[in-house]
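*Asks:* this is a predicted model, with the sequence first.
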Amino acid sequence: MNKNDYLKIVKKKIKNKKSRIILIEQIETYFDLCEYSLEPHNYQIGDNVYLSKGALLHGTYKNIDGLKEIVGNGLIAGAFVGGRNSKYPFSVGVWNLKKDFLLKDYIDFYSGGTIGYEDSSRHIFKTEVIPYSKMTNVFENIKKNNIFRWNMEQTKEARFMPSLIQNEVQIGIIFNVANSCVKNLFEKDILTDFISDENVKPFIHDGYYFKFLHDRKNKNDFFTDRESAILFGIPTNFIAGILVGRDYEKDNKVLKEIKNMLPWVYICNLDGKVIVI
């Protein structure tokens, strides 16, 4: 599909005039950025990967086949490419780092669990993420703080990114968004208040809209401010690195295939270290 095909979909599906203008402008920005070239990385094999605040990451459940689609077409929202059902059909989901991290520490962080502490009326008064390396301390903390009720689940990142607790997802994408030229693209994040409640409505699944409005204003570690939903998509040329799971790390054929598709990227593993340059 080309730009005109995407614009036709917008004009057909988005009836709100202001929302339509926002999305059309986003598509124009996307295609303007498609010719941009990243600065070469300077990693060597064995180096620890460092991620700056604001870095964006995305996992694909289709693994190598999903990466092929993204390399060929860009990371494009499901409403435009017939992707699986989503609460945000006109956006792509990415993880947005809120502070600087070594990749190995970020992986440890999101491979843990999200816990909510409740009082006797079942009100959640605190949430936090327990990193993978500290999971053995959960019950000690609960007992020490005399928690009435609690619930825990794996983090969203652990489900949709390569992680230390599952092997189904083997491909994670690291985007370089440090250049100021991409600011206009990434500020159109529907999980922020950049777009008004009225104008964001066409971009939300009908059955989720009112809960979305509440959750967007009341974020915690479950409805996380670590997540962004960028309208339309992100061009392939902003891929800086590929994170692989344990299975792909051992598969030289797959690693070679990734490097052939994306010759400028580094490939790193779940230890946060560069394994291919």
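*Replies:* Yep, it's here. Numbering: from 1, shown residues only.
*Asks:* show me where the chain has its helices.
*Replies:* Along the chain, the segments classed as helices by DSSP state H run 3-13, 17-32, 63-73, 78-81, 103-110, 138-144, 156-160, 183-186, 197-200, 209-217, 246-249, 252-261.
*Asks:* would you turn these into a markdown table with mean neighbour count, mean pLDDT and distance to residue 42?
*Replies:* (C-beta placed from N, C-alpha, C; glycine too.) Formatted as a markdown table, these follow (neighbours: other Cβ atoms under 10 Å; pLDDT from 0 to 100; distance: least, Cβ to Cβ, whole Å):
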| stretch | mean neighbour count | mean pLDDT | distance to residue 42 |
| --- | --- | --- | --- |
| helix 3-13 | 14 | 95 | 34 |
| helix 17-32 | 17 | 96 | 27 |
| helix 63-73 | 16 | 96 | 23 |
| helix 78-81 | 18 | 93 | 34 |
| helix 103-110 | 21 | 97 | 16 |
| helix 138-144 | 12 | 78 | 39 |
| helix 156-160 | 21 | 93 | 27 |
| helix 183-186 | 16 | 85 | 24 |
| helix 197-200 | 17 | 96 | 40 |
| helix 209-217 | 14 | 92 | 38 |
| helix 246-249 | 17 | 98 | 22 |
| helix 252-261 | 14 | 98 | 17 |
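*Asks:* save the ones you listed as CSV, and put in distance to residue 277 too.
*Replies:* Shown next, in CSV, are the helices of the chain (distance: least, Cβ to Cβ, whole Å):
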stretch, distance to residue 277
helix 3-13, 33
helix 17-32, 28
helix 63-73, 18
helix 78-81, 31
helix 103-110, 15
helix 138-144, 38
helix 156-160, 25
helix 183-186, 27
helix 197-200, 41
helix 209-217, 40
helix 246-249, 15
helix 252-261, 9
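*Asks:* out of these, which comes closest to residue 267?
*Replies:* Closest to residue 267 of the helices of the chain, according to Cβ to Cβ: helix 252-261, at 6.0 Å.
*Asks:* give me the angle between the closest one and helix 63-73.
*Replies:* Orientation of helix 252-261 against helix 63-73 (axes from the mean of the first three to the mean of the last three Cα atoms, to 10 degrees) gives an angle of 10 degrees.
*Asks:* picking that back up, residue 51: which of the helices of the chain is closest?
*Replies:* Once the helices of the chain are compared by Cβ to Cβ, helix 103-110 is nearest, at 5.7 Å.
*Asks:* I'd say residue 212 and residue 197 touch.
*Replies:* No - using Cβ atoms under 8 Å, residue 212 is not in contact with residue 197, being 9.2 Å away.
*Asks:* with respect to residue 119, which of the helices of the chain lies nearest?
*Replies:* Per Cβ to Cβ, nearest to residue 119 of these: helix 138-144, 13.6 Å.
*Asks:* next, count neighbours for residue 146.
*Replies:* Neighbour count for residue 146, taken as other Cβ atoms under 10 Å: 6.
*Asks:* which non-adjacent residue is nearest the one residue sitting closest to the centre of the chain?
*Replies:* By Cα atoms, centre = their mean, the mean C-alpha position of the chain lies nearest to residue 94, the distance being 1.8 Å. Of all residues not flanking residue 94 in the chain, residue 56 sits nearest, at 4.3 Å (Cβ to Cβ, 6 or more residues apart in numbering).
*Asks:* what pairs with that neighbour across the strands?
*Replies:* Counting by DSSP bridges, residue 56 forms beta bridges with residue 96, residue 175.
*Asks:* and of the helices of the chain, who's closest to residue 49?
*Replies:* With Cβ to Cβ as the measure, helix 103-110 is the member of the helices of the chain nearest residue 49 (3.8 Å).
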